[in-house]
Structures are given as C-alpha cells and as structure tokens.
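K.L.:
Take this sequence and fold it.
(one chain, ligands or ions: 2)
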Amino acid sequence: MNYELPTLNRKFQNIILMNPDTQKDQKPHKYSLAVCNLASGSKGNATYISDGQTSILIDAGLSGIELQRRLASRYLAPESLAAIIVSHEHSDHVRGAGILSRRFKLPVYINQKTAAAAPALGSVHELKPFECGTTFTIGNLTIHPFSISHDAEDPAGFKIGSNGTTMAIATDIGIATSMVKEHLKHCALLVLEANHDPQMLETGPYPWPLKQRIQSRVGHMSNSDSKKLLHELQHANLQHVILAHLSEINNTPQKAFDEVVQALTRCDAQLTVADQYSSGPVIYLK
Ligand SMILES: [Zn+2]
Ligand SMILES: [Zn+2]
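P.N.:
Ligands and ions are numbered 1, 2, ... in the order given. Below is the predicted model of the structure:
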C-alpha cells in the first residue's frame with residue numbers, strides 16, 4: 001500500500017494524503033494530467049502518465065503480468081497505453097517493456113545507447129529512438145528527455161507536458177546537476193528520488209564498494225539531497241511531490257517523508273512516498 005501519514009503538526013496541515021482505495025470516485029471532471037506510480041525501488045519501477053487522451057508508461061521494470069495487475073488495481077487499462085518510454089537499461093526499469101510492447105503493440109521510446117545496452121528488452125513491437133535534449137511528442141503529450149548522472153550508458157529524466165501543465169520525473173540520479181534542476185523548475189508534479197538515509201547506509205550491511213557507488217555522483221540521491229533540492233525547486237504552483245526509488249535496506253518511508261516534508265515551506269504541495277509492492281493513488285493535476 002502506498003505510504004500515508006496523517007497530518008503531522010500544524011505547520012504541515014496542508015499535507016493530507018489521499019486514500020488510494022477511493023481513487024475511482026475521486027476522478028475529477030477536469031484535470032490536466034493524471035500520474036500514478038505503479039512501482040518504485042530497486043525491484044522495479046513504472047509510472048503511468050495520462051492527459052485523458054494519451055497515456056504512457058515511463059519505465060516498465062516489473063514483469064508484464066505484474067504491471068497489468070498494478071494498472072488494474074487503479075482501474076487503468078493497458079489497452080489505453082500509447083507507448084512505453086525507457087529511462088535507462090537497468091533491469092528494474094526495463095524488465096517488462098518487451099513483453100508489454102509485444103502484447104499491446106506499443107512502441108518503445110528509448111535512446112540508442114540504452115537500447116544497445118539492454119538485451120533484456122528483447123524484440124519490441126516498434127523501437128522509437130529519442131535523444132536526450134530533443135523534445136518529441138506522443139499524441140498530445142510533449143516529452144522532453146534530459147541527461148541525468150547515473151551509472152548507465154545514457155540515462156534520462158523526463159519533463160512531460162499537456163494542457164498547459166508539466167510534470168517531471170528524475171530518479172536514479174547521483175547528483176542534481178544544474179541542468180537537472182533547470183528541467184525540474186515550474187513543474188506541477190515532481191517524482192524525486194529519496195533513496196537512502198545516509199546514516200542507515202553508513203551503518204548498514206552493504207559492502208563498502210556498494211556504499212561508495214550509491215553515494216557517488218552516479219549513484220542515488222539521499223533523503224537530505226532530496227530535501228535540499230525540493231527546498232530550492234518549490235514554487236506556488238507545485239501541487240504534488242512523489243518520493244521514489246527508496247532503498248528497502250537503507251531507508252524507511254517514514255524517514256524519507258519526515259526529512260523531505262521539511263523542504264515544503266513556501267507551497268501547499270502534497271507529498272507521498274511511492275511503494276515497491278503496490279500502485280500508489282492516481283494523482284490528478286489541476
Ligand atoms: Zn533504478
Ligand atoms: Zn539505475
């Protein structure tokens with residue numbers, strides 16, 4: 001179940017999280033973008049994004065059948081998808097992309113280096129190459145891929161817009177470069193990485209080389225990195241922040257939430273923590 005917390009104290013009264021089990025009834029008549037995290041973490045990642053007419057998945061890192069189950073649990077149909085976009089070749093991001101592509105005749109948007117490094121993708125219905133830095137469209141959605149710092153061939157974050165609203169997704173980033181920050185500005189929704197609590201990582205069971213990799217410029221963002229970044233990025237029109245790619249060993253949803261929520265001092269955004277084992281709520285942006 002998606003992690004939820006009641007109001008923490010007066011200062012954070014704006015952060016009231018939705019009950020995912022009542023999502024079907026909460027679909028507003030009018031919205032610009034709908035976003036649903038289907039899975040997040042080192043065992044698989046996928047995010048559903050739709051403007052009501054064009055729907056896509058960013059990453060498909062669970063088995064095909066499990067992705068279908070996660071979509072169904074939020075009343076979302078795989079038949080309504082127009083495409084899958086792949087951020088980088090790690091299996092927690094591509095595992096189910098090939099099978100879903102073949103099963104539902106979906107094009108897979110992927111950059112060339114990533115495709116070459118992802119044999120697990122297998123054959124796909126149609127391969128659509130993109131380049132980081134070059135905007136493309138799928139139906140009504142405008143997609144702008146941008147380079148991120150991670151230990152993969154050509155990893156990408158994405159800024160996605162429709163109906164005058166934008167959202168961005170940037171997980172699997174060692175550091176938020178100024179280019180990443182530039183792309184995350186002014187978005188109504190952000191999917192940000194809060195991978196680890198530095199102290200838990202430090203004292204945890206991981207071997208030293210792996211600890212170093214996670215903390216490096218091509219590793220993963222910590223809760224405090226995420227707090228700092230969000231403090232900088234927040235603006236009056238920020239509606240929602242999803243914390244993603246939490247480590248099950250070196251973090252807890254409570255720690256990530258408690259740390260990052262402190263960043264939200266100048267806006268009314270809601271904060272949710274994405275889960276590895278279940279779909280989060282469908283978030284409808286104004
Ligand atoms: Zn990952
Ligand atoms: Zn990765």
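
K.L.:
residues in contact with Cys132?
P.N.:
By C-beta atoms under 8 Å, 6 or more residues apart in numbering, the residues touching Cys132 are 111, 145-147, 154, 156. Placement of C-beta: from N, CA and C, glycine included.

K.L.:
out of those, which are buried?
P.N.:
Buried subset of the contacts of Cys132 (neighbour count, 16 or more other C-beta atoms under 10 Å): 111, 145-147, 154, 156.

K.L.:
Next, check the residues you listed against the strands and list the overlap.
P.N.:
145-147, 156 (DSSP state E).

K.L.:
Where does the prediction get shaky in the stretch 1-150 of the chain?
P.N.:
1-25 (pLDDT under 70).

K.L.:
Ligand 1 contacts on the protein?
P.N.:
Proximity of the chain to ligand 1 (C-beta under 5 Å from the ion) is limited to residues 92, 172.

K.L.:
Tell me how far the residue in the chain that ligand 2 sits nearest to lies from Thr165.
P.N.:
Taking C-beta to the ion, ligand 2 has its nearest neighbour within the chain at His90, 3.6 Å off. His90 sits 29 Å away from Thr165, going by C-beta to C-beta, to the nearest Å.

K.L.:
what's in contact with the one helix or strand Ile56 maps to?
P.N.:
Using DSSP states H and E, Ile56 sits within strand 55-58. Here strand 55-58 makes contact (C-beta under 8 Å, 6+ apart) with 38, 46-50, 67, 76, 80-85, 87, 100, 138, 141, 158, 160, 169.

K.L.:
now the very next helix or strand once past that strand: how far from the chain's centre is it?
P.N.:
Helices and strands here follow DSSP H and E; after strand 55-58, the next one along the chain is helix 64-72. Mean-position distance between helix 64-72 and its chain equals 17 Å (C-alpha atoms, centre = their mean, to the nearest Å).

K.L.:
and helix 64-72, which residues are buried?
P.N.:
64, 66-68, 70-71.

K.L.:
Same question for stretch 194-205.
P.N.:
Of the residues in stretch 194-205, those buried (16+ other C-beta under 10 Å) are 194-197, 200-201.

K.L.:
swap in stretch 153-171?
P.N.:
Neighbour-count burial for stretch 153-171 [16+ other C-beta under 10 Å]: 154-163, 165-171.

K.L.:
In helices only, show me those.
P.N.:
Of the buried residues of stretch 153-171, none are assigned to helices by DSSP state H.

K.L.:
Let me know how buried Gly122 is, in neighbour terms.
P.N.:
12 (other C-beta atoms under 10 Å).

K.L.:
Can you list the residue ranges for helices in the chain?
P.N.:
Counting by DSSP H, the helices of the chain are 64-72, 91-94, 97-104, 112-116, 178-184, 198-203, 208-215, 223-233, 253-260.

K.L.:
Of those helices, which is nearest Ser278?
P.N.:
When the helices of the chain are compared by C-beta to C-beta, helix 64-72 sits nearest Ser278, at 7.3 Å.

K.L.:
Would you mind pulling up the elements that that closest one packs against?
P.N.:
Applying 3 or more C-beta pairs under 8 Å, 6 or more residues apart in numbering; DSSP states H and E, we find helix 64-72 packed against strand 33-39, strand 46-50, helix 97-104.

K.L.:
can I get the ones you listed in a markdown table with mean neighbour count?
P.N.:
Below are the helices and strands packed on helix 64-72 laid out as a markdown table (neighbours: other C-beta atoms under 10 Å):
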| stretch | mean neighbour count |
| --- | --- |
| strand 33-39 | 25 |
| strand 46-50 | 25 |
| helix 97-104 | 20 |
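
K.L.:
Grab the nearest non-local neighbour of Ala46.
P.N.:
Once flanking residues are discounted, Ala46 sits nearest to Leu38: 4.2 Å by C-beta to C-beta, 6 or more residues apart in numbering.

K.L.:
Give me the distance between that neighbour and Tyr284.
P.N.:
16 Å.

K.L.:
Cheers, nothing more for now.
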